[in-house]
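S.K.: Structure of the sequence below:
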Amino acid sequence: MRDVTYVNLRDHFHQIFLWDSQGKLASRFAPIFCLYAAETFRREHAEGPWAWETIFRPLGLETPPQQQIAEWVVKGLKWWGCSLLRGKDGSRRFLVTIACEGGLPLRLLQRENAYLTQFFRNLLDNYYRAGQGGITVAETIARQQAHRLPRSLRHEPVFHLAATLIAKIGELQSRIGESTDPIATLDQKVPDWRRDLPLRLEDQVAETLLTGLVRRLGELNRESSARLRWRGRLRETTTGWRVESYLELPERPTGEQIAEWTGFSAADRPRWHLLLRTPAGTEVMAWLTRVQGEGKSAVYRREWLRHDGVVLTGAAVGQPHRLILHDGQQEYRLMVRDSEPWGDSPWVFVERGTGGEREWLTEGSARTRLEQAWVLAAPELIPREVAGVCEDLGTIAELNRVVYRVSGEIELLTLQQDRYRIVCRAESESEETFVVIGHEVAPALQQRLLYCGLPQIQTLDREGRRQPTAGRIQWRPVGDSAPWREIHEAGHGQIWLRLIDAIGAERCRRKVDVAPRNFCIETDIGTGNQAGVVRLTELAGAEVRIGPDSPSGVSVSLAEDRARIVCPSLPGVLPPPLTLLLNWLESQPIALVLPYPQRGAFFQLAGQPLPNDDWIPMDRLGGLRLFVQDPASSCQFWLEGELIARGNESTGQFRQRFHERLPPLEQERLEASLLPWQDRIVSLLASSRDLDAQVRLIVETTQGERLARIRVSRFDVVIEPNRAAGLVCIPEESLARLGPAWKTRVQLQMIRLWAPADPPVVPQASPNQTACWEVPPDLDPGPWWVVGRDGDWTRFRPLLWVVTTNDTPTEDEYGVLAGAIRESDPEQRDQRLNAVLEALGQNPDHPDWLLLFDYVRLASEFPPSSLDMLRRLPTHPRTLALAVFKADDETFDPVWSLSRQMPFLWILLAVNDWREAATAYFGGLQATLAEMEGGAEMVFGWFQNFRKRATNRRAYWRPLCDWLQELLFPEQPLKGSELSMARCYPSCLEQQIVLMEQELQGRHVSGEKWPESFEIMSRQQDIAPEYRYVHLDPFYQPVRCAPFVTAHLSLNGIAPSERLIYELRLLRAFDREWFDSVYAIALTLGLAQRPLEA
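M.R.: Predicted structure coming up:
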């Protein structure tokens, strides 16, 4: 309200009050009074308690009786359509309502700015971390923060006004997101966002306060998004209630954040794999790819490999789970907030934010400031309403838990009268999580941890920091109703462990397996026909029995609190793990799972050993683990991979394989992930066009003894056609691999291969045949793909289903490329596809680029070699190069990844093809924007974006980008360019090669097997004599010569053979640091010798 308007309002109210002091005659006396009072409070209140005198004193009037003012307030608020505020006890708050309608007093802000600014900031921080919740929650927190205010400000209007302001600011969270300039973002998205705030912004102090709070909200958003945490939630679906826990992972994490999550300071990698390890196995859930910068300032792009990200549902929330980052060589366990499995106590959820989502609060006894809570408890717990209501909403059968809606205070009681206490509208919020800490038994393999001695329950705050445990820890055996025992009393077997608070209510309860404190396991690994032996000591009177799934012939003998288990030597691969059952009196038995004490090896997936020569799909390689045992820890073992494929005639007698030393054994054992060999396995599969190709992995000794083997394929289940009946079916063998619950997970779709971005057709399940689907009879003519997914997993080999027609083909409405794809004659189809791909390489503006990129997106789910068009791309190098230049943030990674799964390498594309593609693309942009002001700078900016994307993935792209910049943007100077150095001081770069060669030899031990290469050796004469290394033994030469040969081929436009491409992959994989660094120098020296007009 402007000053002139306020003066007029004040004078008008003064006049009608003098004429009608009772407010009985004037028709709008009450509305005018409320408006004048609210604005006067905002303008005049400066200190102390709010009082009606502030309203009447400036007019020289006596303050009317409270009852009379109350009547005016009720009538006036009703006229204005406003509500009267009430206290927690239900009392009506007349003065507070009017004061709050006016908003924060300007004079108070000016006078107490420092106190109020700090108070509001703390209130916002606490409100945000409490998950928000509206004005009621904010007001409760405001009262708790009252100690931050001087006594003169500790009044109800301050608390309510502050809560209203903070709650309104909190509602802006979704609009602000992770913006670094939240004010500008709000001005753009919600121009009138200031209007709804209880704060008038004519005053600079008020504007500064508001701006500071909104910017702080932006900081809190960014801080929250930068953290890794699991968030639990309870959802009501059409089929009932469902619980889930989902991972919050920033879309663009930085190198600094990754270093913090891993605890590893040097966490700068081109790409990370995010793995989720659960009892069901280990899966790669996402890729983090570096897109700019390096070190702590590096920025990574998150790419989910599952549509919903990382989500645990149902019973999985209560099972152990672990997140891991893997850089291709080593794994790093991540520190994630709220990563503990949900325990055996009741689970408590509350509604958060404006969306009304029911989010996880805590387990066990709980307090919440909110009006209601949802509790999931075991059916044997009996609810008792203390001072509230407990409503039964149904049961989640999978979890065997009842869903209750709770308001007020209730208790949940066990049959033994143990109790959990749930309190709503509390003064504080339960923010703790709990973790069980203790000494774990090694080398046990069972999924449930086994502790030596009773563990402890520790409390974590919202930031994941350990806090002093308030309360007492007690235990008793599972299945026993005896009194609880204190933690200092020894216990063994399956045990309930609980934490109780000062009034005896349970905060947390967990079921744990406990062995005696000094329990010990010793193993003698058997070799040949010699039996292996396991010795258990300090059993504290336990009975030891053999588990039901253990191999026959195992014997147990007990003597003096010890057990000796003799395990006979068994033929074949390493037997499955040995299961022992330990049983103490008054306790249920616990399982102890140990590696079978015999020399050998086996592959394991999802916690289960795989039969020898079994096979797994490539997508599950992240969960494949290898176990090797040998009593001689100094023995060396090797991993061999060999391609098994049809139609590999082009390689002749050439065997496509790799042979690598495994890491050394530690304490007679090796447990290793197969992820470090993923690139080699992918390279082998990429070298074959056969979709059914496999890579056989073999573990062998230095003497050639083969201990275990497994096969890796692109797919492990198939769809078969019954074209006569118009059906597609899953065969019995595939159904067996899918498991009994396949119907709840498997989905089939049909994709138009000439328009893959169009919505797919969903075939209907056949009512007459199991695992069969009816192909719709009215499909458009052309090639279709039938694809099957196991949940989010593209597990099925795609099936080609061609719909033919007798009609004369017309010009395809989808474009020239789509018409070529729909061509039914194979020979004409090949010719038309090649013609279109050639045309794309000549024209960056060709309309069929959209379809090509649709195919690239499709290749992120399916092997690109399964698509005719993409399979032909390597024979059109200029089109490939142009695709990289045209790719945006979304498609750059899929385009880049094509070389991982197809027989071509980006570094082997001829530099002239790069030049011609860059000239066509950026030159075309320059011509188009020539008349636009700043057009040249825009085009150069796009080129710089390409440079960043390329060099952040491979540093050796820098010299090529420098060379292209000189050709296309001669007015833009190069800064710190190796290309310029190579022209002036080539010897400096040549000297670096000498030092790098010395470092190469130092990274590899004596006796290590170096990869061979017939193709590299046949081209050795093409490179400079000093880089042929003829003074070394021949087996050292291919690795050293490979980067020079690669640069020579690219510089001279020599097309490589597929065998050479395959061999280069293995040579680079042997020592990436050597290959990448030396290739960059060799390419730089070659480009430096070219004239700029070349």
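
S.K.: Show me the shaky parts of the stretch 751-900 of the chain.
M.R.: Within the stretch 751-900 of the chain, the stretches with pLDDT under 70 are 807-813.

S.K.: ranges for the helices of it?
M.R.: 816-821, 826-842, 849-858, 868-872, 877-886, 892-901 (DSSP state H, counting those that start in this stretch).

S.K.: what sits up against the shortest one?
M.R.: Meaning helix 868-872. 689, 817, 821, 829, 833-834, 837, 852, 855-856, 859, 864-865, 898, 902 (CB atoms under 8 Å, 6 or more residues apart in numbering). No exception for glycine: its C-beta is placed from N, CA and C like everyone else's.

S.K.: Can you say which of those residues are buried?
M.R.: 689, 817, 821, 829, 833, 837, 852, 855-856, 859, 864-865, 898, 902 (16 or more other CB atoms under 10 Å).

S.K.: Reformat those as TSV; add distance to Val74.
M.R.: Listed next are these as TSV, based on distance: CB to CB, whole Å:
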residue	distance to Val74
Arg689	83
Leu817	73
Ile821	75
Arg829	82
Leu833	80
Leu837	79
Leu852	70
Tyr855	70
Val856	68
Ala859	69
Pro864	73
Ser865	78
Leu898	73
Met902	77
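
S.K.: Looking at those residues, which is nearest Ile473?
M.R.: Of all these, Ile473 sits closest to Ala859, with 54.8 Å by CB to CB.

S.K.: ok, now which ones touch that closest one?
M.R.: Residues counted as contacts of Ala859 (CB under 8 Å, 6+ apart) are Leu867, Leu870, Pro894, Ser897, Leu898, Gln901.

S.K.: so which two of those are the farthest from each other?
M.R.: Counting by CB to CB, the most remote pair of the contacts of Ala859 is Leu867 and Ser897, 14.0 Å apart.

S.K.: Just the mean pLDDT for stretch 1079-1094, thanks.
M.R.: Here stretch 1079-1094 scores 85 as its mean pLDDT.

S.K.: Other residues contacting it?
M.R.: 907, 911, 955-956, 958-960, 962-963, 966-967, 970, 978-979, 982-983, 986, 989-990, 992-993, 1027, 1043-1044, 1046-1048, 1050-1051.

S.K.: Narrow these to those in helices?
M.R.: 911, 958-960, 962-963, 966-967, 978-979, 982-983, 986, 989-990, 992-993, 1043-1044, 1046-1048, 1050-1051 (DSSP state H).

S.K.: picking up where we left off before, only whichever of the contacts of stretch 1079-1094 are buried, select them in ChimeraX.
M.R.: Filtering the contacts of stretch 1079-1094 down to the buried ones (16+ other CB under 10 Å) takes a single ChimeraX command:
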select :907,911,956,958,959,960,962,963,966,967,978,979,982,989,993,1027,1043,1044,1046,1047,1048,1050,1051
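
S.K.: for the protein, what helix or strand is lowest in average pLDDT?
M.R.: Every helix and strand in the chain was compared by mean pLDDT, DSSP states H and E; the lowest is helix 106-111, with a mean of 60.

S.K.: Surely Glu733 forms part of a helix?
M.R.: Yes. Under DSSP: H, G, I helix; E, B strand; the rest coil, Glu733 sits within a helix.

S.K.: confidence score at it?
M.R.: With respect to pLDDT, Glu733 has a value of 92.

S.K.: again with Ser174
M.R.: 66.

S.K.: Repeat that for Ala146.
M.R.: For Ala146, the predicted pLDDT is 78.

S.K.: show me the contacts for Leu445.
M.R.: Shown in contact with Leu445 (CB under 8 Å, 6+ apart): Pro577, Val593, Leu594, Pro595.

S.K.: okay, the residues you listed in TSV with distance to Pro379, pLDDT and secondary structure next?
M.R.: TSV is the format used below for the contacts of Leu445 (distance: CB to CB, whole Å; pLDDT from 0 to 100; DSSP: H, G, I helix; E, B strand; the rest coil):
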residue	distance to Pro379	pLDDT	secondary structure
Pro577	35	86	coil
Val593	31	89	strand
Leu594	36	89	strand
Pro595	39	88	coil
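
S.K.: Tell me how this protein divides into domains.
M.R.: The record assigns the chain these domain ranges, following automatic domain parsing: 3-102, 106-225, 229-333, 343-430, 520-594, 606-618+626-713, 717-803, 905-1094.

S.K.: Now tabulate these in TSV and tack on distance to Tyr451.
M.R.: Below are the domains of the chain laid out as TSV (distance: least, CB to CB, whole Å):
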stretch	distance to Tyr451
domain 3-102	46
domain 106-225	33
domain 229-333	14
domain 343-430	15
domain 520-594	10
domain 606-618+626-713	20
domain 717-803	33
domain 905-1094	40
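
S.K.: Would you single out the least confident of those domains?
M.R.: Mean pLDDT is lowest for domain 106-225 among the domains of the chain, at a mean of 71.

S.K.: check contacts around Ser734.
M.R.: Ser734 sits next to Asp716, Val717, Val718, Phe796 when contact means CB under 8 Å, 6+ apart.

S.K.: how close does it sit to Ile719?
M.R.: Distance, Ser734 to Ile719, by CB to CB, to the nearest Å: 8 Å.

S.K.: Kindly point out which residues are neighbours of both of the two.
M.R.: With contacts defined as CB under 8 Å, 6+ apart, the residues shared by Ser734 and Ile719 are Phe796.

S.K.: Dihedrals phi and psi, Gln749?
M.R.: Dihedral angles of Gln749 (phi, psi; degrees, to the nearest 10) stand at phi -140, psi 160.

S.K.: ok, how many other residues are close to it?
M.R.: 15 (other CB atoms under 10 Å).

S.K.: now it, nearest residue through space, not along the chain?
M.R.: Residue nearest to Gln749 in three dimensions, not counting chain neighbours: Pro760, with 3.9 Å by CB to CB, 6 or more residues apart in numbering.

S.K.: Can you name the residues that contact the one you found?
M.R.: Gln749, Met750, Ile751, Arg752, Val787.

S.K.: between the residues you listed, which is closest to Leu334?
M.R.: Distances from Leu334 to the contacts of Pro760, taken as CB to CB, are shortest for Val787 (32.5 Å).

S.K.: measure the closest residue in space to the closest one that isn't next to it in sequence to Ser865 for me?
M.R.: With CB to CB, 6+ apart as the criterion, Val787 has its nearest non-adjacent residue at 5.0 Å, and that residue is Pro798. Pro798 sits 12 Å away from Ser865, taking CB to CB as the criterion.

S.K.: ditto for Trp19
M.R.: Distance of Trp19 to Ser865, given as CB to CB: 92 Å.

S.K.: ditto for Thr54
M.R.: Thr54 sits 80 Å away from Ser865, going by CB to CB.

S.K.: Over to Cys1041. Which of the three states is it?
M.R.: helix.

S.K.: got the contact list for it?
M.R.: Ile1016, Met1017, Gln1020, Ile1023, Tyr1027, Arg1028, Tyr1029 are the contacts of Cys1041 under CB under 8 Å, 6+ apart.

S.K.: Give me the most central residue, this protein.
M.R.: Leu249 (5.0 Å; CA atoms, centre = their mean).

S.K.: Please look at it and Val310 and confirm they touch.
M.R.: Yes. Leu249 sits in contact with Val310 when judged by CB atoms under 8 Å, with a separation of 7.3 Å.

S.K.: between these two, what contacts are shared?
M.R.: Leu274, Ala286.

S.K.: Of the contacts of Ala859, just say which sits nearest to Ala266.
M.R.: Ser897 (25.4 Å).

S.K.: Spit out the contact partners of that closest one.
M.R.: Taking CB under 8 Å, 6+ apart, one finds Ala859, Ser860 in contact with Ser897.

S.K.: That one and Pro863, how far apart?
M.R.: 11 Å.

S.K.: ditto for Ala267
M.R.: Taking CB to CB, one finds Ala267 at 31 Å from Pro863.

S.K.: Ok, Tyr300 next?
M.R.: 25 Å.

S.K.: No further questions, thank you.
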